[in-house]
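1. Sequence below, structure please.
(one chain, ligands or ions: 1)
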Amino acid sequence: MHHRTKTNDEIILSVEHLKKRIGKRWIVQDVSFEVKAGEIFGFLGPNGAGKTTTIRMLVDLIRPTEGQVAICGFDVQKDPERALSLVGSIVENPEVYTYLTGWENLEQFARMMPGIDAARIQEVADLVGLDQRIHDKVRTYSLGMRQRLGIAQALLGRPKLLILDEPTNGLDPKGIKEMRSFIRLLAKEGLAVFVSSHLLSEIQVLCDRVAIISRGRVLAVGAVNELLDSSTGYVVWELEPSSTGEAMLADLGISIVKNVDEVLDDAIIAGFGGEAIVTQMQVDQIADIVPRLVSSGLQVRSVQKVIPTLEQLFLEMTDGEGVE
Ligand SMILES: Nc1ncnc2c1ncn2[C@@H]1O[C@H](COP(=O)(O)OP(=O)(O)OP(=O)(O)O)[C@@H](O)[C@H]1O
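-> Predicted coordinates for the structure are as follows:
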């Protein structure tokens, strides 16, 4: 599932000790990270964590109370024109006019930008896969196609950094899949992509690295799988006979979860037989344990790792301090 892009070491976005106070409240308390060329970087946090406020500072919509944002070395506050000419975003884009065609929308948008001609419009239309439909009215577009049109607009000015706020919001599973492979394609071409989301599963399959934020602070930055591996996971076992299996797991020092309802989603448990055993353990132990169970005559019907939810990961990272 893990995905790799060619990253070089060129730092495209650099955020240093960014802070924002609104009234008496520090909405963003201390956020630092870097995004490199060719990298898909996830910005992950629950609702209210401060993602949108941070993004608004990245694109100079609001002013940081403290800290710096630089794009390809250009300071967003001191040199906004140069810095922002290198950014495409679908954060607060002008509205898409549904009574116009996709092409006409791109033309409208290009009017505000120097040096964007029809050839470039065609290029971005092709790139986002709208070439067949670009001369149709936007009101005939699916939500996914409208999202793509937004990205086409963001790409018109040949940015080095693309900022996407919850890009799969409202899309159906097919649209989500398409959006993902599309974002990967852009990164492959060398674009730095910054994606915010409150969905761990979404970020996990898409991003090379993530920053996890909660209450305006970065809790961790790193590769998603590394972050998950360093936390303990839940594993659901279907063993036959079940009671013997449970006793053996316990003998092997594995901790058996008794309050299953509290830690796992009902839907996950419903997917297994009534006698599923839930353990909490270092997930990489599974490979050692399965042969032992089998060689002592147990039947292993299924073993399933359960990806922790964002909330569980947060609880672990914040040591139970909780999530807003
Ligand atoms: N202008 C403002 N005045 C007062 N409070 C604000 C303002 N802007 C944001 N907040 C508060 O700051 C917190 C963080 O908001 P922000 O929108 O950045 O979070 P978020 O992580 O993007 O969450 P969401 O996904 O819900 O938008 C929230 O509690 C929000 O109510």
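2. check contacts around residue 164.
-> Contacts for residue 164 were tallied using CB atoms under 8 Å, 6 or more residues apart in numbering; they are 89-90, 151, 183, 193-196. Any C-beta I mention is one placed from the backbone N, CA and C, and that applies to glycine too.
3. ok, and the closest residue to residue 18 other than its chain neighbours, which helix or strand is that part of?
-> Closest residue to residue 18 apart from its sequence neighbours, by CB to CB, 6 or more residues apart in numbering: residue 67 at 3.7 Å. Using DSSP states H and E, residue 67 falls within strand 66-71.
4. Just to check, residue 137 is in contact with residue 101?
-> Yes. Shown here, residue 137 and residue 101 form a contact pair, counting by CB atoms under 8 Å, at 5.6 Å.
5. and those two? which has more neighbours close in?
-> residue 101 (19 against 15; other CB atoms under 10 Å).
6. in terms of contact, does the more buried one touch residue 139 like I think?
-> No. Checked against CB under 8 Å, the pair residue 101 and residue 139 is beyond contact range at 9.9 Å.
7. quick one: the strands in the chain?
-> 11-22, 25-36, 40-44, 66-71, 74-75, 87-89, 161-165, 192-197, 209-214, 217-222, 233-240, 255-256, 277-281, 299-306 (DSSP state E).
8. export those to a markdown table and tack on distance to residue 50?
-> Converted to a markdown table, the strands of the chain look like this (distance: least, CB to CB, whole Å):
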| stretch | distance to residue 50 |
| --- | --- |
| strand 11-22 | 8 |
| strand 25-36 | 5 |
| strand 40-44 | 10 |
| strand 66-71 | 13 |
| strand 74-75 | 21 |
| strand 87-89 | 17 |
| strand 161-165 | 13 |
| strand 192-197 | 10 |
| strand 209-214 | 6 |
| strand 217-222 | 8 |
| strand 233-240 | 27 |
| strand 255-256 | 34 |
| strand 277-281 | 30 |
| strand 299-306 | 28 |
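9. could you dump those to JSON lines with mean pLDDT?
-> What follows is the strands of the chain, written out as JSON lines (pLDDT from 0 to 100):
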{"stretch": "strand 11-22", "mean pLDDT": "96"}
{"stretch": "strand 25-36", "mean pLDDT": "95"}
{"stretch": "strand 40-44", "mean pLDDT": "94"}
{"stretch": "strand 66-71", "mean pLDDT": "97"}
{"stretch": "strand 74-75", "mean pLDDT": "97"}
{"stretch": "strand 87-89", "mean pLDDT": "93"}
{"stretch": "strand 161-165", "mean pLDDT": "94"}
{"stretch": "strand 192-197", "mean pLDDT": "94"}
{"stretch": "strand 209-214", "mean pLDDT": "90"}
{"stretch": "strand 217-222", "mean pLDDT": "89"}
{"stretch": "strand 233-240", "mean pLDDT": "90"}
{"stretch": "strand 255-256", "mean pLDDT": "92"}
{"stretch": "strand 277-281", "mean pLDDT": "90"}
{"stretch": "strand 299-306", "mean pLDDT": "90"}
